[in-house]
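Participant: give me the fold of what follows.
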Amino acid sequence: MNFSHSIFRVSLGFLVLLLFLAGIMLMARAHYDEMRRTQETVRLSGERATLVYQLRTIVRERVIDLNAMLLTDDPFVQDYIHMRYLARANEYVALRAQLEELPAEQDYVILLRELREETVWATPFIEQVAELLVADRKSEAGLIMREQVLPAQARVLEKFERIITHDKSMSETSAQNEQLSYQRTFLGMMALMLAAMAMVIGVGKSVMRRLRHDQASLLQEVSERRKIEEELRQARDNLERQVEARTAELDASRACLAEAQRIGHMGHWNWDITGGTLYWSDEVYRIFGLLPQQFGATYEAFLESVHPEDRAAVMEAVNSALHGGQSYDLVHRAVRPDGSLCIIHERAEITRDNTGKPLRMLGTVQDITQQQENDNRLRLASRVFENANEGVIVTDARGTILDVNPGFTETTGYLREELLGQNPRLLQSGRHTREFYEEMWRVLLQEGQWQGEIWDRYKSGEIAPRWLSIVAVKDGSGKTINYVGISRDISEAKRAERELWHRAYHDPLCGLPNRELMFDRLRQSIGYAKRSGRSVAVMMIDLDGFKMINDTLGHAAGDQLLVETARRLRGCVRESDTVARLGGDEFAIIFVEMEDVGDIERVSVKIRETVARPMTIEGNEAHVTASIGIALFPEHGEEAEILLKHADNAMYHTKKAGRDT
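Facilitator: Here you go, the predicted structure:
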């Protein structure tokens with residue numbers, strides 16, 4: 001019975017052992033399965049975490065690429081950045097697809113779906129910015145960046161942070177569950193082993209070995225997990241360093257943008273309508289002459305800087321934009337603290353929510369004071385150009401006509417369309433030599449201006465003198481870019497000058513040279529004779545009997561006689577000789593290039609006979625004769641005054657000798 005009992009006990013012990021073994025095996029199996037699930041969870045968590053960090057990095061790098069494209073002007077750099085941007089976009093889509101294919105719990109799937117919806121919403125704006133930057137439409141791209149892309153980026157990064165936080169939470173929960181499972185399993189097995197230890201030490205030892213083995217495996221897994229966590233931490237630190245570097249690059253880009261705004265005299269502002277705050281860039285402060293600590297940074301404080309006469313127009317433009325409009329564009333004056341005025345060109349656009357409520361207004365400010373002054377000067381110059389009586393012609397550096405004013409077309413007879421694209425040589429009259437134009441261009445190129453008298457041929461074929469002033473217009477580097485010619489027709493002035501000269505040096509009655517012009521021509525003739533070795537003769541003529549006719553028939557008859565005598569004298573000499581009236585009834589003749597003294601004697605006889613012919617004066621026959629005195633160069637003197645004195649003495653000797661000789 002004892003044996004049976006022993007058998008029973010052994011059997012019972014064996015049965016109990018089997019039960020304990022079965023229980024231990026079941027608990028060990030459950031623990032092993034849970035460990036496998038935990039390992040799979042850890043592996044999936046690591047993969048998801050790696051993909052999430054890579055996706056977040058790509059999102060940041062894509063926006064950084066867009067900022068780089070916005071700031072650079074080099075088309076080659078823009079193309080390179082754009083290709084890099086497209087590659088990152090494709091990489092992002094591929095990584096996101098890998099992340100969505102990994103098994104995940106419902107909460108994680110919801111977060112991924114929200115992330116996908118957010119990126120799908122933001123992608124068209126990002127692609128639109130890239131296309132605008134490639135098309136060099138930076139202002140529109142910058143506006144979409146500020147209004148859509150950057151807020152969307154912030155929301156996408158927020159989704160990434162939520163996913164990372166959720167993943168960390170799940171990892172921590174898995175670790176805790178794993179630890180609790182291990183504890184529960186360990187305690188259960190210890191209880192079973194303690195209960196079976198009295199009966200089956202060997203079974204207990206086997207279970208302990210199994211437990212130690214499992215513990216070693218678990219510790220190894222924990223060590224590997226810690227290693228993975230360390231690698232993740234290092235990856236996070238590396239990513240943070242990259243973000244800091246990119247942030248520094250972005251700060252440098254902002255500094256370049258501020259410098260560009262300073263150079264271009266254009267700043268930007270941002271008005272948070274809901275919060276009532278107003279942000280100005282540094283250049284806006286410089287334009288308004290304010291310091292940040294002096295400015296209240298509100299819309300009302302801004303209105304204080306607007307010129308009182310323009311304040312209503314500014315308020316109306318802003319209110320119109322707030323109540324239905326999307327933008328405004330206006331020019332107004334601003335008063336700086338020192339009292340000086342500046343002219344401001346403002347542009348602004350407004351952002352609204354889904355209900356149409358205005359949220360934010362973004363705008364630019366440009367100082368156009370100098371531009372306005374230049375425009376005013378240009379308008380004034382244009383009015384002067386159009387209304388000037390003088391003719392104005394503008395050419396390029398090669399002499400091609402770019403424009404002419406109405407004064408020029410009215411004078412020359414050409415239409416403006418006929419002159420555009422032509423060369424001013426179209427007006428050449430042919431009266432000037434090639435050397436004349438070469439000298440004109442030499443002076444113009446050396447001194448930058450030339451003026452003088454020039455003869456032009458009008459469209460009608462008329463050749464007329466003009467007074468022309470040409471000025472070279474240069475750019476900032478000193479290179480000539482235009483020539484401006486201002487001219488006026490001086491035909492009337494020339495005619496008036498000739499008339500005055502004629503009156504000053506000619507006898508008003510007979511039209512012959514007077515004493516002054518005769519002396520001048522005599523001096524010139526003597527100078528020429530000295531150089532050429534020729535002779536010059538001076539003949540003095542006094543009319544015999546003129547006083548009697550003047551007294552009996554009157555001064556009018558005497559004048560007619562003098563006119564007729566002058567005509568007869570001109571008919572007796574050559575074109576190169578000069579017939580002059582010295583006053584009263586005295587005449588003088590200068591003979592040049594005389595080869596034989598006998599020629600003078602023959603001419604003098606001809607003159608006596610011509611003058612002595614009867615004249616009909618006012619129906620009466622008048623008769624006068626000529627007393628002639630002659631002096632020769634160089635026999636009788638080498639100076640004009642001496643020659644004329646000798647000729648005059650000879651003429652008086654003739655009168656004393658009986659006249660008419």
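Participant: now the helices for the stretch 351-500 of the chain?
Facilitator: With DSSP state H, counting those that start in this stretch as the definition, the stretch 351-500 of the chain shows helices at residue ranges 369-387, 406-412, 416-419, 434-447, 491-505.
Participant: would TSV of those with mean pLDDT be doable?
Facilitator: Formatted as TSV, the entries for those read as follows, by pLDDT from 0 to 100:
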stretch	mean pLDDT
helix 369-387	72
helix 406-412	85
helix 416-419	87
helix 434-447	89
helix 491-505	75
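Participant: save these as CSV, and put in distance to A30 and mean neighbour count too.
Facilitator: Using the backbone N, CA and C atoms, a C-beta is placed for each residue, glycine as well. CSV is the format used below for the helices of the stretch 351-500 of the chain (distance: least, Cβ to Cβ, whole Å; neighbours: other Cβ atoms under 10 Å):
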stretch, distance to A30, mean neighbour count
helix 369-387, 83, 12
helix 406-412, 106, 19
helix 416-419, 101, 14
helix 434-447, 104, 12
helix 491-505, 123, 12
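Participant: among those helices, which is nearest Y285?
Facilitator: Across the helices of the stretch 351-500 of the chain, Y285 has its closest neighbour in helix 369-387 (16.3 Å, Cβ to Cβ).
Participant: just the helices in the stretch 501-650 of the chain please.
Facilitator: Using DSSP H, counting those that start in this stretch, the helices assigned to the stretch 501-650 of the chain run over residues 515-532, 546-553, 555-572, 597-612, 640-656.
Participant: quick one: closest of the helices of the stretch 351-500 of the chain to G399.
Facilitator: helix 434-447 (9.7 Å).
Participant: other SSEs contacting that closest one?
Facilitator: Using 3 or more Cβ pairs under 8 Å, 6 or more residues apart in numbering; DSSP states H and E as the contact definition, the elements that helix 434-447 packs against are strand 449-457, strand 463-474.
Participant: could you pull out the buried residues of the shortest one?
Facilitator: So the one you mean is strand 449-457. Neighbour-count burial for strand 449-457, counted by 16 or more other Cβ atoms under 10 Å, picks out 450-451, 454, 456-457.
Participant: let me have the helices of the stretch 501-650 of the chain in JSON lines, extended by mean pLDDT and mean neighbour count.
Facilitator: Conversion of the helices of the stretch 501-650 of the chain to JSON lines gives the following (pLDDT from 0 to 100; neighbours: other Cβ atoms under 10 Å):
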{"stretch": "helix 515-532", "mean pLDDT": "86", "mean neighbour count": "16"}
{"stretch": "helix 546-553", "mean pLDDT": "84", "mean neighbour count": "15"}
{"stretch": "helix 555-572", "mean pLDDT": "89", "mean neighbour count": "17"}
{"stretch": "helix 597-612", "mean pLDDT": "86", "mean neighbour count": "15"}
{"stretch": "helix 640-656", "mean pLDDT": "88", "mean neighbour count": "17"}
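Participant: any chance of the helices and strands packed on helix 434-447 in a markdown table, with distance to F160 too?
Facilitator: Below are those laid out as a markdown table (distance: least, Cβ to Cβ, whole Å):
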| stretch | distance to F160 |
| --- | --- |
| strand 449-457 | 71 |
| strand 463-474 | 60 |
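Participant: between these, which one is closest to H555.
Facilitator: Nearest to H555 among the helices and strands packed on helix 434-447 is strand 463-474; the distance by Cβ to Cβ comes to 39.9 Å.
Participant: now that closest one: average pLDDT?
Facilitator: When pLDDT is averaged along strand 463-474, the result is 88.
Participant: okay, buried residues for it please.
Facilitator: By neighbour count, and taking 16+ other Cβ under 10 Å as the criterion, the buried residues in strand 463-474 are 464-468, 470, 472.
Participant: will you turn the buried residues of strand 449-457 into CSV that also has pLDDT?
Facilitator: Putting the buried residues of strand 449-457 into CSV (pLDDT from 0 to 100) gives the following:
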residue, pLDDT
W450, 92
Q451, 90
I454, 88
D456, 89
R457, 88
